[in-house]
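Peer 1: Here is the input, now give the coordinates:
(one chain, ligands or ions: 1)
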Amino acid sequence: MTIGILGGGQLGYMLALAGYPLGLRFRFLDPSPEAPVGRIAQRVTADFDDLAALEKFAAGLELVTYEFENVPVDAAKFLAERVPVYPPPAALEAAQDRLNEKRLFQKLGIATTEFVSVPKTSALDPAVKELGLPAVLKTCRLGYDGKGQWLLRTSEDVTKAKSELPAVPLILERFVPFTRELSVIAVRSRAGEIAFYPLVENHHRGGILRLSLAPAPRLDPGTQRAAEHAARRVLESLDYVGVLAIEFFECQGRLLANEMAPRVHNSGHWTIEGAITSQFENHLRAVQGLPLGSTGPTGHSAMLNLIGEIPESAEILAVPDAHLHLYGKSPRPGRKLGHVTLRAASPERLALRLSELPAFFHRPEFCLDAALAPSASLRS
Ligand code: AMP
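Peer 2: Numbering: from 1, shown residues only. You can find the predicted model right below:
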């Protein structure tokens, strides 16, 4: 059975690695001839809107899924006329536009921060008046890893932003003084079976995910239930099939949904070693209508992203139960090149393992302080 995947980056790479033991084959479509999956699978190099290439790509495929949420919705719809496409193109449509996404959350009774549509630059001043400062201005489309965002604290920031704004629709959000950022990875199969991984605590620098701790430390069962309730509403309302990630701000004990990704997610990479069934395997089970695997954690995990540069493998692998994943991409500043997952039996043991990582990881951008605190007693 051959599964087609739109997008050939590291998420597709890890999907294929999870699919080979299940007897699956893969065909990828990506505009870049350098897409990492080329090392391990059949790759078609073409633009997503090249209909002739899509037609050829779809021939003989069992189904199509995607690892990249900015696949044009029309391409997904074109393919859906030829072969089953999961998650449904409607999920892409909802997730590609921050305003649609927030309105969907609102319609489903899922709390978000307050927001106002800013269709053009002249609408910014009234929007700021309505929400107040501080606020975060974001492009509705194509923003990721903190790109296309302006933090507005003062009226000077607003004036400066106005001089830089692209002529595209924007959304202004009230700034959330969150205590932490959490995400839930949920999965729904073609048969309607639903499962959730434990909430993950995420730490970003410069808008890019640096560290995930799973399960999130000091996780309150009520918070987990609230996240699952929100994810279930989204999954069921979209008749969703596959893995879905929702990112939340935790603020005064409440969860506010920030955004969702209709695909496997960086904050779920820990599941490869840290859960009984990885997010990648469960996505493939879901889209084929197979029974889902257990989402239970096998311990306490920390996932660290390798951004822009890669340290010596030997130094990482010298740490017990450290697992290295390199995506085969050439180094470039700000680029996700790989990740490391550490797993341990308790948060204290995990902190000890993290403290043993080479000096490379003890720079502030890795946010290790967030994870090292519980180990104070063990290390003293
Ligand atoms: P996003 O692209 O929406 O995930 O935003 C990137 C990062 O910016 C988030 O992970 C937060 O750390 C921060 N951020 C985004 N929106 C807000 C907000 N409304 N209030 C406070 N921080 C935000």
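Peer 1: hmm, who's touching whatever helix or strand Leu342 lives in?
Peer 2: Element membership of Leu342 [criterion: DSSP states H and E] is strand 336-344. Residues from elsewhere that reach strand 336-344, judged by C-beta atoms under 8 Å, 6 or more residues apart in numbering: 10, 208, 266, 269-270, 272-274, 298-310, 316, 319, 321-327, 329, 331, 350, 352-354, 357, 361. Heads up, the C-betas are built off the backbone N, CA and C, glycines and all.
Peer 1: Next step: these restricted to helices.
Peer 2: Residues of these located in helices (DSSP state H): Gln10, Ile272, Glu273, Gly274, Ile316, Leu350, Leu352, Arg353, Leu354.
Peer 1: would JSON lines of those with pLDDT be doable?
Peer 2: Output for the ones in helices among the contacts of strand 336-344, formatted as JSON lines (pLDDT from 0 to 100):
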{"residue": "Gln10", "pLDDT": "97"}
{"residue": "Ile272", "pLDDT": "98"}
{"residue": "Glu273", "pLDDT": "98"}
{"residue": "Gly274", "pLDDT": "98"}
{"residue": "Ile316", "pLDDT": "95"}
{"residue": "Leu350", "pLDDT": "96"}
{"residue": "Leu352", "pLDDT": "93"}
{"residue": "Arg353", "pLDDT": "94"}
{"residue": "Leu354", "pLDDT": "95"}
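Peer 1: closest to Leu238 among the residues you listed?
Peer 2: Closest approach to Leu238 among these (C-beta to C-beta): Gln10, at 25.2 Å.
Peer 1: didn't Leu54 look like it was pressed against Ala75?
Peer 2: Yes - Leu54 lies in contact with Ala75 (C-beta atoms under 8 Å); the separation is 6.0 Å.
Peer 1: could you show me where the strands are in the stretch 1-150 of the chain, in order?
Peer 2: Using DSSP state E, counting those that start in this stretch, the strands of the stretch 1-150 of the chain run over residues 2-6, 25-30, 42-45, 63-66, 115-118, 135-139, 149-152.
Peer 1: For Tyr197, which of these is the nearest?
Peer 2: Proximity to Tyr197 (C-beta to C-beta) singles out strand 63-66 among these, at 18.6 Å.
Peer 1: same for that closest one, what does it pack against?
Peer 2: When contacts are defined as 3 or more C-beta pairs under 8 Å, 6 or more residues apart in numbering; DSSP states H and E, strand 63-66 sits against strand 2-6, helix 73-80, helix 279-288.
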